[in-house]
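Q: For reference, the sequence and a predicted model appear below.
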There are 2 protein chains.
Amino acid sequence: MTIKNYHLTLRDVASHDAEYLETVFSLANGHFGVRANDPIMGNPITGTLINGFYETSPITYGEAGIGYAQHHQTILNLPDLRHLTILTEHGHRFTKSRRTTANLDLTSGLLTEKYTLETMQGESIYLGVQSVIGQGQQNFWAVSYTITPENYQGILVVSKSIAVPAEAEELKSADPRKSRIAGLPECESDFITQDLQRYHVKTRRTQESVTMYLGSLTPNCSLLRQPVDLSDGRPHVLEYEVYVGDVGEQNTIDPAATFLVNSWVGLQKDSRDFWDDVWDRSEVTVSGNDELNLAIYYNVFQLNQAAGRDGRTNIAAKGLSGSGYEGHYFWDTEMYMLPYFIYTNQPMARQLLFYRFQTLPQARMRARALGVDNGALFAWRTINGEEASPYFPAGTAQYHIDADIAYAVGRYYEITRDLDFIIQCGFEMVLETARFWENFGSWNQVDTTSRFEFHTVTGPDEYTALVNNNYYTNRLAKHNFNLVVSLAHEILADDPNGLEPFGLSEADLDVFSNLADHVYLPYSRELRINEQDDSFLNKPRWPLSKSTPENFPLLLHYHPLTIYRYQVSKQADTLLADYLFPEDLSLDQLKREYRYYEGVTTHDSSLSRSIFSILAARMDDPEKAYRYFMDTARMDLVNLQKNTADGLHLANLGGSWLALVAGFSGFYVQDEVVHFNNHLPQEISELTYRMKIAESVLEISLTATTTNVTVISGPIPTYGVSVNGEMISLVKVS
Amino acid sequence: MTIKNYHLTLRDVASHDAEYLETVFSLANGHFGVRANDPIMGNPITGTLINGFYETSPITYGEAGIGYAQHHQTILNLPDLRHLTILTEHGHRFTKSRRTTANLDLTSGLLTEKYTLETMQGESIYLGVQSVIGQGQQNFWAVSYTITPENYQGILVVSKSIAVPAEAEELKSADPRKSRIAGLPECESDFITQDLQRYHVKTRRTQESVTMYLGSLTPNCSLLRQPVDLSDGRPHVLEYEVYVGDVGEQNTIDPAATFLVNSWVGLQKDSRDFWDDVWDRSEVTVSGNDELNLAIYYNVFQLNQAAGRDGRTNIAAKGLSGSGYEGHYFWDTEMYMLPYFIYTNQPMARQLLFYRFQTLPQARMRARALGVDNGALFAWRTINGEEASPYFPAGTAQYHIDADIAYAVGRYYEITRDLDFIIQCGFEMVLETARFWENFGSWNQVDTTSRFEFHTVTGPDEYTALVNNNYYTNRLAKHNFNLVVSLAHEILADDPNGLEPFGLSEADLDVFSNLADHVYLPYSRELRINEQDDSFLNKPRWPLSKSTPENFPLLLHYHPLTIYRYQVSKQADTLLADYLFPEDLSLDQLKREYRYYEGVTTHDSSLSRSIFSILAARMDDPEKAYRYFMDTARMDLVNLQKNTADGLHLANLGGSWLALVAGFSGFYVQDEVVHFNNHLPQEISELTYRMKIAESVLEISLTATTTNVTVISGPIPTYGVSVNGEMISLVKVS
């Protein structure tokens, strides 16, 4: 396996929008993220995001209703850590800056940039910036500035501090309404010594706080006023480190001592060790297209940067690369991002699932608020576990999140056999979601058939809302019922009394089995395809042929009522279920469904194209699969959705990995057999990647004519492995 | 015809909530309304409402969308005109007040009340209050206070003015955000002479203004400081008059001169003349139950008080009796209140329809905002013609308002043959709404049937939202198509080129006819009833049997998602269509539908019971009709919905008249025949009422055994009259 290019650079960096660059070159470690603001011209009071550190504010409705989400939850935009101020000895400030290079080393996590700075008076210098974020030492970020003379060769005065927003000061005394509107936190800052700043930030409503320390790593360096003499013509280096405390952590660390341990060099090593491990687990190499290969590396890199590792946080829709979607966690985690972790890093996957588990109390209350007397309904968008979606038709109505979480628990268990997790956390989630479906659904007798149905729901396709029997929702709920039964049997096999703590009897399991058998799955006899819902196929088609590019995304150009009354999908919906359950339908039916739904799908969601790619591969149309894949793989690098400035599309990053693994290599697990099917498009001469199934790290390598699966480490697996439809025996390479 | 009791009094007045009394005894004249605030203890800065005088404020959405309604429109709560301040010569203020009697003379519009007033020191006097609102002279209201000594017999100082709200003063200088939040207007007040106050109020955003004048009618009476010597032991009378200008009117009147013309006595006569005319047109007498008879008088009285007469205003959901629903006009006007005016006072009906006509430009723009390229969509709730509903699933999605307005135009024309109005206004409304349906709907081929369907709509039943093919909506749209064709032929009959100004050809009419023929009307073959919509009958029924009274109204206790997923109706929906189109279905089918929908209807809307009463009468179940009728007839007088304090339920007032006329007397018009069918319940020994059809005023009188229709004034009609299924010849009584 050859590592080809682990450096992300962009041609003509300065030509890109600053906000786009800030996102793309952001560094993060699951705990916090640092956007790549221009250190001179960037906004010094915003640029840092701490996972799960948010403020609330009341949601205002033009017309409120019972049970509506009550509070916005908004991730805090904290001060930029990269900012510094440089003056000449005459007090001229360097205010103009041009980023000339940016290079993100995906092997080590080191970000290297070069800037040319200029004062209003025309004096100029060069500024090199290297920065790295701690990965084992997750509280640290460090930066090294290298200043080199250009036409200015005198004395400089450099100052660096964590900026206290002026508005925050003003707020202390003033209008109580303002905090409700702005949600700005209380900030306090002091200088413990000339080279150590403490910065304390506390939210006003949630009363959560974080302490940060900024320290100089350069001996005898004053933070606020450090002279640098350029007259020797040589580069001068200033190094700083920032400690970003945990949310709610007591202020008991000794940052000075800690900074010594985590020096600039030490932190670089810490970061490199982490990425060595990541690439060892999840190396993905695509031969034949270096740009594409780099994009895949980048996506995997950013997935790892974004994911909360502490069990109290999760993966926000934009990761820690931007504050879009307010730092909220959605179903995207379980359906688009978690698979990467389940198949490459099980402890991480377990932590992400644990996050959901610890929101179960809120989910139970939410079910009650929705008139369901038993079970739990997880929040559609949330940080703290409470529902934060102010628009229920495309929020709470997406009940499928319950079954999505259950599905992920099942997939995790399937390949880990981590019964401990199931007993401690997983089973309760699967049981409570199954109970929700049981009490939410209703029986409908149609002729001689008893159907169990779900009404007034919204599926993944947010262009179709409040419908009956959304195929995806029903299919996943059916799986939820089946899963609770199969996991119960796993527990019983381990301990015949194992279900007692859950208050569950064999009779209860029979009820769930019966429900699973009777969940209604809408099917059109005329078209011989699964129907997206009871009414989707009856609606007129959106006149896509008459629409021009500026009409998209539809949600930014049309009233929801206009969109809802047409047969038009924002993203894969029924096809998403087809992808999850390959055994459900014949290849012929899949082809019919694909053709049909492709004709009514706009891909206005970044969650769409990866699924279309995977299914095209499964249909053995690798060229179409490749075209969709190319859009997913490079979505943020080419700014396909035009909003990368707000943050990366994390679900799409996960989706692009899925497109390679579940698409081109046809990976899926069923009945304790791991399947691989070679659907490599001709544009890719070789695809090699690693995954861990049970205790074994596998390396899968595909070319047009070969499909090899070998064991890299761990035991020879006991599960079956099927390659291109035939069972094979694995060998271990040393 | 005997007038039995035209006086509304309440037993034990003081035991009622003040806000309830303020509503019930409110006086209004279509231009403005004066709530019956306690003149001593009531809130002096609120109590007067001017029809159509509103302020806007931005609608805030937790999550906004394209095409959403942008601005709240809120009727202004203006200062109470009834308030006065009384002090003893020692400066003790009368602060306690008890209303001992209240008597509203429905014949004359004179409101007579008595109060006992007390100071903190225990001094007491009696205060009599008589007030009247101008009906011909619609800018005037007058009040006469009679002060009589009780234990206090010294000198009083009486002051009376229109109160300037303190907040309004504060706002002048302060925070611009506050006006957005509060919407309080700018107020200016000055005293032109000691007995004449001018009060000018101007909205901040809409920049509309009204000028009011308060003047003393008692000679040499100072508004701010008028001594009254009670030592003679006699009653002392103080009379005042208020001029409430028109919205936007220039400040050019000479109030002093005008006040002379409209003196206290003059205004009483003006009011009495108006009510004489009203009762002459629309006398309704129910024998056998005086309380019920009074309730009906009251309802008709309040309908007349509420309705805007100037063509620029309409009938708010609460009339001018309270600020509930923000003073907005809804579909209720056309479907529940307008029939009373169409059949008793055609010029008023014409003015109410003209109000809609002058909002056509806004309605055209609204159609575009909803993605419909042709036609007009009237606002669901509005004052100025723009959509003001912040919750579109139960607002804009109720597209049926378009067909409701068209329906009303048709009914108006049917009995007036007012072709002038049709050519000037009515036809354009019917045409633009038909064009909306044409472009909003879509063809759906089901087997060999081509259906014209309407998707993602909400019918009258707001407990079922965003469904396909709501029966009511589709049936009314079908009528809209038929109506545009029939009115076009009326125009053509008058002038063969009459359609040219509308850009309409014969071919266009064929298109509308074809659409009318193909509008899909959902029908359940299993239940042999019309289906409320495509999915209503498939949903589980709300467990009404398990619900207790405190669960109602459901919308105040359950999330909309909970309500929507059940088969439960807030009000008559399919049955409302059945009422409008008696020819559509057999009596057997009506009975099946009635039984079915009655079982799933909560009557949480005040628009429901009147329709259930009418249809029960039609099904010849007069006892059931009577029970529903009793709830509608006395809804506000017994505070059935518990919110009369916010204002009267105007639609229900209209509905109770309909229940008598369309229900017990079986009135409807079809194919130029006026039908009456006697369905009198045994609790009513005789029902007599008047209506005007074409140029003839008819009096209809029913007993258990007789049904008499006579012509009171105007010519013997040329249209057919059917009584109990047989055509009769009318005679004129002198």
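A: Cool, the structure landed. What you see is a predicted model, and the numbers here were worked out from it, not measured in a lab.

Q: now the strands for the stretch 1-150 of chain A?
A: In the stretch 1-150 of chain A, the strands defined using DSSP state E, counting those that start in this stretch lie at A:7-9, A:27-28, A:32-34, A:48-50, A:54-58, A:71-75, A:85-88, A:94-105, A:111-119, A:124-133, A:140-149.

Q: Going by contacts, tell me the helices and strands next to the third one.
A: To tie it back to what came earlier, the one meant is strand A:32-34. Contacts defined by 3 or more Cβ pairs under 8 Å, 6 or more residues apart in numbering or on different chains; DSSP states H and E place strand A:32-34 against strand A:27-28, strand A:48-50, strand A:124-133. Yep, even glycine has a C-beta here, placed from its N, CA and C like the rest.

Q: Roughly how far does A:Asp246 sit from A:Arg309?
A: Between A:Asp246 and A:Arg309 the distance is 12 Å, computed by Cβ to Cβ, to the nearest Å.

Q: list residues touching both of these two?
A: A:His31 (Cβ atoms under 8 Å, 6 or more residues apart in numbering or on different chains).

Q: Surely A:Phe427 and A:Leu487 touch.
A: Yes - the pair A:Phe427 / A:Leu487 is scored as a contact, 5.4 Å apart, by Cβ atoms under 8 Å.

Q: Those two - which one has more neighbours?
A: Set A:Phe427 next to A:Leu487 and count neighbours by other Cβ atoms under 10 Å in any protein chain shown: A:Phe427 wins out with 25 against 22.

Q: secondary structure class for the more buried one?
A: helix (DSSP: H, G, I helix; E, B strand; the rest coil).

Q: Look up how far chain B lies from it.
A: 27 Å (Cβ to the nearest Cβ, to the nearest Å).

Q: And for A:Tyr61?
A: Taken as Cβ to the nearest Cβ, the span from A:Tyr61 to chain B is 6 Å.

Q: what number of residues lie near that residue?
A: 18.

Q: For it, which non-adjacent residue is spatially closest?
A: B:Gly62 (5.9 Å; Cβ to Cβ, 6 or more residues apart in numbering or on different chains).

Q: which stretch among the strands of the stretch 1-150 of chain A comes nearest A:Thr688?
A: strand A:7-9 (19.5 Å; Cβ to Cβ).

Q: who touches that closest one?
A: Taking Cβ under 8 Å, 6+ apart as the rule, strand A:7-9 contacts A:Val24, A:Phe25, A:Thr101, A:Ala102, A:Asn103, A:Leu104, A:Asp105, A:Leu106, A:Leu294, A:Tyr297, A:Tyr298.

Q: what are the pairing partners of that strand, and which direction each?
A: strand A:94-105 (antiparallel) (DSSP bridges).

Q: Skipping its backbone neighbours, what lies nearest A:Asn220 in space?
A: Using Cβ to Cβ, 6+ apart, the nearest residue to A:Asn220 is A:Asp195, at 7.8 Å.

Q: Against B:Asn482, how distant is that neighbour?
A: 86 Å.

Q: Please verify my assumption that A:Gly375 contacts A:Arg435.
A: Yes - at 3.2 Å, A:Gly375 counts as touching A:Arg435 under the criterion of Cβ under 8 Å.

Q: the more surrounded of the two?
A: A:Arg435 (23 against 20).

Q: ok, back up a step: ok, the residue nearest to A:Tyr61 - contacts?
A: Applying Cβ under 8 Å, 6+ apart, we find B:Gly62 in contact with A:Ile59, A:Thr60, A:Tyr61, A:Ala69, A:His72, A:Pro390, A:Tyr391.

Q: Most neighbours among these, which one?
A: In terms of neighbours by other Cβ under 10 Å, these top out with A:Ala69 at 25 neighbours.

Q: for chain A, what's the longest helix?
A: helix A:471-494 (DSSP state H).

Q: How far off centre is that helix?
A: On the basis of Cα atoms, centre = their mean, to the nearest Å, helix A:471-494 sits 26 Å off its chain's mean C-alpha point.

Q: Deepest-packed of the strands of the stretch 1-150 of chain A, please.
A: The highest mean neighbour count among the strands of the stretch 1-150 of chain A, using mean count of other Cβ atoms under 10 Å in any protein chain shown, belongs to strand A:32-34: a mean of 29.

Q: Quick one: mean pLDDT for that strand?
A: Regarding strand A:32-34, the rounded mean pLDDT is 98.

Q: Stretch A:42-59 now?
A: The average of the pLDDT scores along stretch A:42-59 is 94.

Q: Now do stretch A:457-476: distance from first to last residue.
A: End-to-end distance of stretch A:457-476 (Cα to Cα, to the nearest Å): 13 Å.

Q: Is chain B within reach of that stretch?
A: Yes - using Cβ under 8 Å from any Cβ of the partner chain, stretch A:457-476 reaches chain B at A:Val457, A:Ala465, A:Leu466, A:Asn468.

Q: so the last one makes contact with B:Leu537?
A: So the one you mean is A:Asn468. No - using Cβ under 8 Å as the test, A:Asn468 is too far from B:Leu537 to be in contact (11.4 Å).

Q: more neighbours, those two?
A: A:Asn468 (23 against 18).

Q: before we move on, could you check phi and psi at that one?
A: Dihedral angles of A:Asn468 (phi, psi; degrees, to the nearest 10) stand at phi -100, psi 140.

Q: Any regions of the stretch 1-150 of chain A where pLDDT drops low?
A: Residues of the stretch 1-150 of chain A meeting the criterion pLDDT under 70: A:1-5.
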